[in-house]
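Visitor: Please find the sequence and the predicted model below.
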Amino acid sequence: MNKKESSHEPMPSMVKSEPQEASVPSAPPSISTTSTTVSSNVQVKPEPHAEASISNADFSIPSRDMGYALSRNTSLVLTESKKYTVYRSVDDILYSSEAALREGMEMVDCLKVYMSKLTLGSKLRQDVWNRDLANLQTQSTPKTLIAVCGATGAGKSSILNALLEDNIVPTSGMRACTAVVTEIAHHNKHTIDADVSFLSVSEWKQELSILQSDLIEEDGSLKRTHDLKSDAGVAWQKVHAVYPTLTQERLVIMTANQIIAHDPTIAQLLGSTKHISARNSRQFREEIAKYIDSKDQSRGKKDKKDKKNDEGSLMDKVRVGASKKKDPNVPAFWPLIRQVNVQCPAECLSSGCVLVDLPGVADANAARNSIAKDYMKRAQCIWILAPITRAVDDKTARDLLGDAFKMQLKMDGNYDDHAITFIASKTDDISCSEVISALHLEDDPELEAIEDDLERINDETGQVTLTKKNLDKAIKDIEDKLESLRAVHEEHEEHIEALKNGQDFTPVLTAGAASETTNIKKRKNLRKGKKGSSKRRRSSLDQDSEDDAKECNRNSGDSDSESESDSDSDTSDDEVSRSNHSERFSNEDGTINIVEEVTVENITTKMKQTKAEIAAARVRLSDARKERKNAADRLAILKKSFSKAQKTKNGWCSLKRSEFSRDVLKEDFRTGLKELDDEAAEERDPENFDSSANQRDYEAINLPVFTCSSRDYIRLTNQVKGDGEPTCFSDKVSTGIPDLQAWCHTLTVASRTRAVKNFYDSLRTFATNINSFVSGIGDVTDEDRQDLQDKWESIMDEEDEDDDDHMSADAKVEDDPFTAFLNSRAEYQTLTATKSDKKNSKGITPRLKEEFGNLIQDCIVQLQESFKDGLEDKCRVGASLSADGAVEISDNFAASMHWATYRATLRRHGEFRRNLNVELLALFTKNIATSWSKVFETDLLGHFEETIQAAICRLLDDIVDSTAAGLKERVRMQGELCKAEADVALKQVVAVVRETINTQQKDVSRCLAPHVQNNLIDGYDLALEERGQGSVARQKLVFRTFLSERKDDVFDEGADVIMEGLSTMCSSVGDALKVAFGELAKRVNLAILWENVQGDPSLAMGRQKMTETIAEILEQTQLWLNAANKAKSVASETSINDQPLQDVDTEMK
């Protein structure tokens, strides 16, 4: 077991309290591994998830005999303050991004304790180091935003619930779940929380005006609202849900303000956010149903029958503030919801994945539609869901995405296999015969084995069924025979009773049989019967019957019976009996009839014979029933076996279909990409275009495709009680959900990897700087130190000092200024103003600021030229193409839909179920898409980064050249440390700039549709003014005329809007760069060369301990980076669907 180095005995002085532990996201709850090879106060419990590579650089570890300059009141730091785990080998580390950050935070806390003991000297150093420390302490794992798209009925909600392994996402029956953006993220609590935000007053007022228009005919009368799918029906549902006491007649004469004022409770709700916290998903669904439930309930008065049928209405149970008693006039809130943000402890989201469930169809509400578009713009990954049958039959991978959507993805740089994932849902919906026939699987050996098993089970089932049928018949025959014998036995008893009582008795059941056999006629018994109790004999028979009843109860599962003929009577005994008790009579024809004497004895004999027959029949009945029960049990077993075999066949066919579908979808996606590439290539050089030549290696494009059955997974995990047995799959892996859960972790690898890399680079640089500072520079004369100080000490004028004061006040607790600028923080806006020449400034920082400013200006000019050269001509041509085709596109748009839908589109200024503004821009977008993506795929900042590095190197060379000969080597070494720190900061700044450019170019590319809409608003409104007979045709003509007159200006101005947007983006990036690189200039600090830092001999032991600790931290940072590289290779080998890890940084040396 590796151990930390033993602590030295501290000097008797006051020890500062230990700093608070930084908040770092913990590892997913599924991880419980603890390292046993190291010893520490805190052990690492890393995740098993493999991560991508994190580069590492070769940093020299400071010598342990260096002296450290401490302030007089410095106390030693106890070993117990070191909470990070000390590893001796990469093999001891179970790597995960979360564990790496958590351990790094402990190292930062340790450095913070040491730093608090140092006298930092200059204010510049204090500001930079305090800001560095704050940035390190606020580091956390980044989020990866995944937009989940799919048509209504694609099964998005079920897939998400299966992923989360809990019923959190509302499913069908709750309208808002298909119309509101729902963001689902992870938190470490054991609760499920949600924030439900509502539309603002202005947003709801705008929608009310549109909804009122949808309810009124041109002549001012009310539209019919019985069709709930019509525009008027949808409008009435929304308004009536929120204001149930308003009638349609009253609603249409009120203004939007009057409607809002009608219910003060609703007015107070607008613009607010309601928080929900539940212990489990059942409680969560009950709570959130108060806001999103929209099952269409008829409101107002109901008759008793309606009330009885609606007793279980969920709508009436979840009214906010309502009692348990139903009140149909309580408003619903689902039309007012703007967005829902859910946080839950789902393991698949624990690595930073954030799922965003986007509406299944375009939402008519402008606010919600805008939110959905914003998420699509910000999403790093896009999941497209479709049922597997449609995915293959309709070529969804290529055709489900509309042309406009594909063009936008291409311009965003997201139309590739790294950003898009396809999910084919409902794989348990299977028809084996169709799959076998379509895929020609009839001769597959696996299928033949399964079908042989099914055939064997069917054959055996047929045989056992026939056996059971025969047994049923035999049992019925035996039961019939028993019933007959018992009747005969009872008749004998009655006969004996009559004989004993001297009464006449005429046999019914035995008369015929006696006559046929012996021609015996009954004669009156003159002896008045024999001794014996008939009651006792009857009791004996009753006992037999009772035993038979008990036997029947034991076999109560058998309902049918079969009778069996049996003749066991002993005729010889009968003859003897009859011969002893008979008389002879002569007939007229000479024959003699032997008339048997009817006595108690001979009837008793017959009764005994009957009883014996009954006992034998009962034995046969019992045996038959046992055989039938065995047959029934065997049939039940065979039924289960058949069901299991059929499920195996369903699963096998589903997996074969999934395998085929994945290949088809991947190839279809490649085909779609090739079509786009070929169109662009033909446009660039039509004369030399060769359609047979590939523009790229399409075989290397591997679209991630997952085939999933959420229903069977939910059933296998008993997520929903009483949902039945799975119909297709017998194990969770075959459902595809576990692979999709693992994919969530894989998608976050790149961002987590970069975060860890940047964190450890910054941590190592920070530790090295502390070491360099406290080490000091020995053997340097005071004259040499003063000379360096006079030449290179940074002296800022008053304006710079004011800026520094302003920055340091906030930067200690916030991110760096550039990041803050990206987040549009107002307090940093004043920093972006261009500074005048600083006449009083001199030294390292002012010189770098000036050079950086010039380089930034050159960079902005180059960016603007790149955009102009690559896009301006394309924009002009695209504007011309759109103008030429605008009228035809508008005509086709109007002709392709119902007149009511067209009017609803006009009322919404072209944006309803389809977006006319976007369709008018189709030719424009298509013309610039390829060039746009090509421009922004190039490294726009590569040259700029090189020039910044060159400027820093020139400065350091000048400092070395100006130094005395004996000090050059020391200055060169210190300059290398400064350059290393600047390189780390430079890479981070440039990475943020690249991300900013990518984000802002998405904004610019999306500004065309709003521009077109704003310029056509007058045309939409003019068309709506047409009323009366023939108004539909006139509306189309009015808008057509308006578009024809304005189209050239609209699209030409659109090209100007694009270019102006790019120019503004360049200016904004330039202003932010000035702030960011002003901070970078301060990091090149060589003040240690002229600061005469002397160590305190009384604190020699403390200096030694600090040396050891900082060396240990630098060693641990290197081990963690090496562990990340090791994890990267593992992840590459085990990546799902053979997908390479995305956007992975190259491995550092």
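Guide: Right, received. Where do you want to start? Numbering: from 1, shown residues only.

Visitor: ok, now which ones touch Leu136?
Guide: By CB atoms under 8 Å, 6 or more residues apart in numbering, the residues touching Leu136 are Gly104, Met105, Val108, Phe759, Ser762, Leu763, Phe766. (C-beta placed from N, C-alpha, C; glycine too.)

Visitor: let's see it at 6 Å
Guide: Going by CB atoms under 6 Å, 6 or more residues apart in numbering, Leu136 touches Val108.

Visitor: What residues of the helix or strand encompassing it count as buried?
Guide: Using DSSP states H and E, Leu136 maps to helix 123-137. For helix 123-137, burial by neighbour count (16 or more other CB atoms under 10 Å) applies to Leu124, Arg125, Asp127, Val128, Trp129, Asn130, Arg131, Asp132, Leu133, Asn135, Leu136, Gln137.

Visitor: what's the farthest-apart pair in those residues?
Guide: The distance between the two most remote of these (CB to CB) is 20.8 Å, for Leu124 and Gln137.

Visitor: of all the buried residues of helix 123-137, which comes closest to Leu871?
Guide: When the buried residues of helix 123-137 are compared for distance to Leu871 (CB to CB), Asn135 comes out closest, at 35.9 Å.

Visitor: Report the separation between Phe773 and Leu1086.
Guide: Phe773 is 11 Å from Leu1086, where distance means CB to CB, to the nearest Å.

Visitor: wait, I meant Arg785
Guide: For Arg785, the distance to Leu1086 (CB to CB) stands at 11 Å.

Visitor: Compare neighbour counts for the two and give me the winner.
Guide: Neighbours were counted for Arg785 and for Leu1086 using other CB atoms under 10 Å; Leu1086 has more, 22 against 16.

Visitor: Test for you: state the pLDDT assigned to the more buried one.
Guide: Predicted confidence (pLDDT) for Leu1086: 73.

Visitor: wait, doesn't Thr765 sit right on Asp983?
Guide: No: assessed by CB atoms under 6 Å, Thr765 is found out of contact with Asp983, at 9.0 Å.

Visitor: Pick out whichever of those two has more residues nearby.
Guide: When neighbours are counted by other CB under 10 Å, Thr765 and Asp983 differ, and Thr765 comes out ahead with 22 against 17.

Visitor: and His275, what are its phi and psi?
Guide: Phi and psi for His275, reported as degrees, to the nearest 10, are phi -100, psi 140.

Visitor: residues near it, how many?
Guide: Per other CB under 10 Å, the neighbour tally for His275 reads 9.

Visitor: Kindly state the pLDDT recorded for it?
Guide: pLDDT, His275: 93.

Visitor: So what sits opposite it in the bridge?
Guide: Counting by DSSP bridges, His275 forms beta bridges with Asp195.

Visitor: Which residue, other than its chain neighbours, is closest to Arg1006?
Guide: Nearest non-adjacent residue to Arg1006, counting by CB to CB, 6 or more residues apart in numbering: Lys377, 6.7 Å away.

Visitor: right, I mislabeled it, should have said Arg785
Guide: Trp1090 (4.2 Å).

Visitor: what about the one you found, how many neighbours?
Guide: Per other CB under 10 Å, the neighbour tally for Trp1090 reads 19.

Visitor: my read: it touches Leu788, true?
Guide: Yes: at 4.6 Å, Trp1090 and Leu788 qualify as touching, with contact defined as CB under 6 Å.
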